[in-house]
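> Have a look; sequence and predicted model below, questions after that.
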Amino acid sequence: MSNRFTRCCARRTLMRTARRSSRDVAIDLKSLVYDFAMTKHVNDAYTEAESDL
């Protein structure tokens, strides 16, 4: 009985969290991709500068 109740509560909480935070997740993904791109850009620039020396 309590197991089924726990599962029901967990599923409901999960759905509520998913609905609420889908925009937040999209923002997180965008910032993550941006951070990755900037890091790659900086690393490439650093490598180019190093190879010039």
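Here it is on my side, so go on.
> in the chain, what spans have low per-residue confidence?
Under the criterion pLDDT under 70, the flagged ranges of the chain are 1-2, 5, 8-9, 14, 16-21, 53.
> for it, what spans make up the helices?
With helices called from DSSP state H, the chain shows them at 2-52.
> Report the separation between Arg4 and Arg12.
13 Å (C-beta to C-beta, to the nearest Å). Where C-beta positions appear, they are placed from N, C-alpha and C, glycine not excepted.
> Kindly apply the preceding question to Lys40 instead.
Separation of Lys40 from Arg12 (C-beta to C-beta): 40 Å.
> same deal with Asn3?
Separation of Asn3 from Arg12 (C-beta to C-beta) stands at 15 Å.
> For those two, work out which one has more neighbours and name it.
The neighbour comparison of Asn3 against Arg12 (other C-beta atoms under 10 Å) goes to Arg12, with 10 against 7.
> count of neighbours near Arg7?
Per other C-beta under 10 Å, the neighbour tally for Arg7 reads 10.
> Check Met38 too.
Applying other C-beta under 10 Å, we find 10 residues neighbouring Met38.
> Asp44 too?
Around Asp44 there are 10 other residues, counting by other C-beta under 10 Å.
> for it, what are its contacts?
Neighbour list for Asp44: empty [criterion: C-beta atoms under 8 Å, 6 or more residues apart in numbering].
> Start the count at 33 instead of 1 going forward.
Sounds good: first residue 33 from here, last item Asp76.
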